[in-house]
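Participant: Provided below for reference: sequence and predicted model.
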Amino acid sequence: MTSSFTTQASAFPGWFPATLLRRVAAATVLSGLALSASATDVSIAGFAFSGDFQSAAERFPYTFKLFRDQEARGGGANSYSRLVVGQAGAIKNAAYQFSPGAAVGLGNDRALMSVLVLTGETVDTENYGGYYKTFVNLRGDTLIFDYKSQTIVRSCPVSVALFDATPQPPSRERIAGFVDNLLRRPDARGLISQFARCLEQATPPREGKHTVQVRQSDISPEALAQFPAAMRAHPAAVQAMLADSLGSVLAARLGISMLPNNIGHAVGGIMSMRLESGDDIKLKLGEGDYVFDLKLNKFAKIKTAETDVSATYVYGAFMTLNFLEPQLNTSFIATNLKNGETAVLPAGQVNSDDFAAYQDAIRGLYTKFADALSRPGSKWLDSAASVQPIEPQMAAARTTLETCK
């Protein structure tokens, strides 16, 4: 068996001259956070890695090497930063005008910038008898932040993943190709495309609006045992992956700004990164006014049908999920949730790849829960939640989340 595991992030200098980017940052302004008749200018800072730049190669070996290779070729139109800037420049948003330059409004109180910050890279290859299965997951945050006060104005977690099977262990070049594809592919499964979607949906925060965050993510030893061996050795990274994925689904389905979580890529409530100018930025993160806490309790695999050629299984994920206001210790949702997804396996298959199916069950739970939060009447929730009736809790949560848009 071959196995590799990488996670988390760092930062990089980019292709904008430092003096130009500093002028752009100083010139790009926001005259007020309330939605006005004219769009607010936001400078696109491109693509960045969160955390300490010096350890980037260790914590992001695939993405960072791809970046260095691009840098050695002089950047170019296909670099990640150029793609980020290009996609952002084409966005139609009545509230924000995204651009890489255009100095306007010198001397105003705020200067807004936006960046795609990569916060997690997970790569794992496991042997399943006759083939090798590779799992790749990239996670990040779409940030709009105030360059002068170094505070986050809007944020939207993004997460993409793929599975691949090969008869032989995949080469580093093949895995690098997967990582590159997940970053730049133009559909909804591409990280840069998700970044653009987040900016397209971004709205200025209302006065007195509240913040939301996936604050805590935990996993039981029983559930962790079902992850590949290399991932079991890094439980904090698994916790970050669970939290980032939930945040990404909630932001996409509910249209709310989610503060980045503190798991793994923030220290002491500070999220650090390096902009393309080479400037190190430390953003104040803190705790959300309202938070989601989750725990992955266990998985289950149940055979439901069998024929001469195949067997049908339901793969289940079981979680505890809470939504609360930490300052007043007010709980809106407190329940266990379960979700099952069906998979059909060939008859006689000795080594089943359960991990991929369990990931489908987790993703399905997140998606169905978010959909139930966006509108009442979920039949799935009636059977999935341990607390019944669950609708009064969901109704209270919906009312609260409206204050966070």
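Facilitator: Perfect, I can see it now.
Participant: in stretch 55-65, what counts as buried?
Facilitator: Buried residues in stretch 55-65, counted by 16 or more other CB atoms under 10 Å: Ala56, Arg59, Phe60, Pro61, Tyr62, Thr63, Phe64. All C-beta spots, glycine's among them, are computed from the backbone N, C-alpha and C.
Participant: where does the closest residue to the third one other than its chain neighbours fall, helix, sheet strand or coil?
Facilitator: In this structure, Phe60 finds its nearest non-sequential neighbour in Glu121, 5.1 Å apart by CB to CB, 6 or more residues apart in numbering. Recorded secondary structure, Glu121: strand (DSSP: H, G, I helix; E, B strand; the rest coil).
Participant: Mind pulling the model confidence for Gln54?
Facilitator: pLDDT recorded at Gln54 is 77.
Participant: tally of neighbours for it?
Facilitator: Gln54: 9 surrounding residues under other CB atoms under 10 Å.
Participant: Three-state assignment for it, please.
Facilitator: Going by three-state DSSP: Gln54 is helix.
Participant: Can you say which helix or strand has Asp360 in it?
Facilitator: Taking DSSP states H and E as the criterion, Asp360 maps to helix 354-374.
Participant: thinking again about what came up before, do you know the pLDDT at the residue nearest to Phe60?
Facilitator: pLDDT at Glu121 comes out at 94.
Participant: what about it, distance to Phe178?
Facilitator: Distance check for Glu121 against Phe178: by CB to CB, to the nearest Å, it reads 11 Å.
Participant: neighbour-wise, which of these two wins?
Facilitator: Shown here are Glu121 and Phe178; by other CB under 10 Å, Glu121 has more neighbours (25 against 19).
Participant: returning to what we had before: and which of the buried residues of stretch 55-65 is nearest Thr40?
Facilitator: Nearest to Thr40 among these: Thr63, at 30.5 Å, using CB to CB.
Participant: Spit out the contact partners of the closest one.
Facilitator: Phe49, Leu118, Glu121, Leu138, Val179, Leu183 (CB atoms under 8 Å, 6 or more residues apart in numbering).
Participant: Could you check how far the residue located most distally from the centre of the chain is from Ala385?
Facilitator: Largest separation from the mean C-alpha position in the chain: Asp308, at 41.3 Å (CA atoms, centre = their mean). Distance, Asp308 to Ala385, using CB to CB: 38 Å.
Participant: show me the contacts for Tyr290.
Facilitator: By CB under 8 Å, 6+ apart, the neighbours of Tyr290 are His210, Thr211, Val212, Gln213, Phe323, Leu324, Glu325, Phe332, Thr400, Leu401, Cys404.
Participant: make it 7 Å
Facilitator: For Tyr290, the contact set (CB atoms under 7 Å, 6 or more residues apart in numbering) comprises His210, Val212, Phe323, Glu325, Thr400, Cys404.
Participant: And the residues you listed, which two are furthest apart?
Facilitator: His210 and Phe323 (12.5 Å).
Participant: These two - which one has more neighbours?
Facilitator: Shown here are His210 and Phe323; by other CB under 10 Å, Phe323 has more neighbours (23 against 18).
Participant: was I right about the more buried one contacting Thr335?
Facilitator: No - at 9.5 Å, Phe323 does not count as touching Thr335 under the criterion of CB atoms under 7 Å.
Participant: Number of residues surrounding Ile44?
Facilitator: 27.
Participant: Just the element for it, please.
Facilitator: Assigned by DSSP H and E, Ile44 falls in strand 40-49.
Participant: Give the pairing partners of that strand; include direction for each.
Facilitator: When pairing is defined by DSSP bridges, strand 40-49 lines up against strand 96-99 (parallel), strand 112-127 (parallel).
Participant: what are the bridge partners for Ile144, then?
Facilitator: Under the criterion used (DSSP bridges), Ile144 bridges to Ser114, Arg154.
Participant: shaky segments in this protein?
Facilitator: Low-confidence segments of the chain (pLDDT under 70): 1-37, 101-110, 264-268, 276-277, 348-352.
Participant: Next, name the residue at the spatial heart of it.
Facilitator: Centrality entry for the chain: nearest residue to the mean C-alpha point is Val158, 3.2 Å, by CA atoms, centre = their mean.
Participant: Could you find the closest non-adjacent residue to that one?
Facilitator: That would be Gln194: by CB to CB, 6+ apart, it lies 4.0 Å from Val158.
Participant: Look at the residue farthest from the centre of the chain and give its secondary structure.
Facilitator: Assigned with three-state DSSP, Asp308 falls in the coil class.
Participant: before we move on, what about Gly288?
Facilitator: When classified by three-state DSSP, Gly288 comes out as coil.
Participant: on that earlier part again, how many residues are close by the residue lying closest to the residue farthest from the centre of the chain once chain neighbours are set aside?
Facilitator: Distances taken as CB to CB, 6+ apart put Ala347 closest to Asp308, at 6.3 Å, once the chain neighbours are dropped. For Ala347, the count of nearby residues is 10 (other CB under 10 Å).
Participant: now Glu222
Facilitator: Glu222: 12 surrounding residues under other CB under 10 Å.
Participant: try the one 5 residues further on
Facilitator: Residues near Phe227, counting by other CB under 10 Å, number 23.
Participant: Could you do Val314 as well?
Facilitator: 17.
Participant: wouldn't it be in contact with Gly340 here?
Facilitator: Yes - using CB under 7 Å, Val314 is in contact with Gly340, at 4.3 Å.
Participant: All the helices of the stretch 1-150 of the chain, in order from the start?
Facilitator: 18-27, 56-59, 61-72, 80-89 (DSSP state H, counting those that start in this stretch).
Participant: any residues touching stretch 139-147, and which ones?
Facilitator: By CB under 7 Å, 6+ apart, the surrounding residues in contact with stretch 139-147 are 25, 42, 110-120, 151-159, 191, 195, 198-199, 202, 241, 244, 260, 283.
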